[in-house]
Structure formats: C-alpha cells, structure tokens
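Student: the amino acid sequence is not available; the structure is as follows:
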Ligand code: S3P
C-alpha cells in the first residue's frame, strides 16, 4: 500500500450497519479522532441531510461527499472516517479513499438493518421505502461496489462492538 502519511480508516457499508457506533468504539481504542461524513457535510452546509436532499438534490449531496474526501486526502493526521452509506458508489470516491487510507466494509443482513433504521426519519433514500424487501434489493444492487471498495470486510450481525473492533484490528494488522 502506497501511503506515506498515517492512513485514515474509512468505515463504509449500508445505512444502519453500525458505522457510527463502531467508529465511536474504535476511536477510543486506537486513539484516532473520528469524523462522520454526514455530520461534517450537514455542519458545513448548515442543513440536515434530509433538507439537503430536499432543497439541493441528491447529486449536490454526492458532490459534497467527494469534496470532503478530497479535503481528507490532504489532512496530515490519520482519522477514523464514518462514511455515509452511499460513499462507495462513486468510483472517484473509492479511488480517493484508497489513496488516503484503509477501507473497512461493515456488513449485516437486511433484516438487521431494517430493525436498526425502521424509525429513522433521517435517511431520505429510505423515505417511503422502509421495508426489508427494499433494503435487500438496494443492498444487492450496491453489493458489488461495496465489495470492490473494501480492503477488509467485517460482519456486524449479532456481534458486540468489542468483537467487531477486534476483528477490524486483526485484519488491518494482516494487510
Ligand atoms: C445514504 C446514507 C446515509 C446518508 C444519506 C445517503 C445512502 O448515511 O449519507 O442519507 O445513500 O446510503 P448513513 O449510512 O450513515 O445512514
């Protein structure tokens, strides 16, 4: 891997897979600062993610994601980056992540995702589509891109944050 600076660790994966939870846990363990791309974009744009989708459109939001990755590539300190679920869908984003860090894919079954997101009002992609079938279908559509982006893959179903983080660190050591 050609990374001269301390690498970032990017957590990618479907909405509700637990990226934020794992990021918070891992950040304490490995003493890396964490950043959540949705939170960063919302703060920068002074709008919530649903407002951004509504008022500026999805393409605008996706461009904000790419701009953020470009900015992170210049950042000297290695950060733990919890990515929005669509981050790995753009090839440019995947290239930027791979150039500046290690990409960790978290996976879970559609049923697990549904249980975690079913009452969320914060995910425009699932508006009006809050059911296991839609989640399974979208997950399947995205699977190839998630897998192609991942340096390592970790299952997040029915495991504690401690177990998931141990798995991540173990696999990172072997890269
Ligand atoms: C999205 C996932 C969301 C957020 C936006 C779009 C997606 O992030 O970036 O609503 O396309 O999967 P989370 O994965 O944190 O829910």
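Tutor: Received the coordinates, thanks. These numbers come from a predicted model, not from an experiment.
Student: and the contacts of stretch 156-171?
Tutor: Outside stretch 156-171, the residues within contact range by CB atoms under 8 Å, 6 or more residues apart in numbering are 9, 13, 17-18, 21-22, 25-26, 29-30, 104, 106-109, 112, 152, 154-155. Using the backbone N, CA and C atoms, a C-beta is placed for each residue, glycine as well.
Student: centre of the chain to that stretch, how far?
Tutor: Relative to its chain's centre, stretch 156-171 lies at 16 Å (CA atoms, centre = their mean, to the nearest Å).
Student: buried residues in it?
Tutor: Going by neighbour count (16 or more other CB atoms under 10 Å), the buried part of stretch 156-171 is 156, 161, 164-165, 167-168.
Student: now, the contacts of stretch 156-171 that are in strands?
Tutor: 9, 104, 106-107, 152, 154-155 (DSSP state E).
Student: if we can go back for a sec, in PyMOL, how would I select the buried members of the contacts of stretch 156-171?
Tutor: To isolate the buried members of those in PyMOL, using 16+ other CB under 10 Å:
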select buried, resi 9+13+17+18+21+22+25+26+104+106+107+108+109+112+152+154
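Student: before we move on, the earlier item: and the buried residues of stretch 156-171, which is closest to the ligand?
Tutor: Distance ranking of the buried residues of stretch 156-171 against the ligand, using CB to the nearest ligand atom, places residue 156 first at 12.5 Å.
Student: residues in contact with residue 116?
Tutor: 16-18.
Student: give the rounded mean pLDDT of the helix or strand containing it.
Tutor: Element membership for residue 116, per DSSP states H and E: helix 110-117. For helix 110-117, mean pLDDT is 97.
Student: what about it, near the ligand?
Tutor: No: Helix 110-117 does not reach the ligand (CB under 6 Å from any ligand atom); its nearest approach is 7.3 Å.
Student: what's the answer for stretch 139-153, then?
Tutor: No: judged by CB under 6 Å from any ligand atom, stretch 139-153 and the ligand are separated, with a smallest distance of 7.9 Å.
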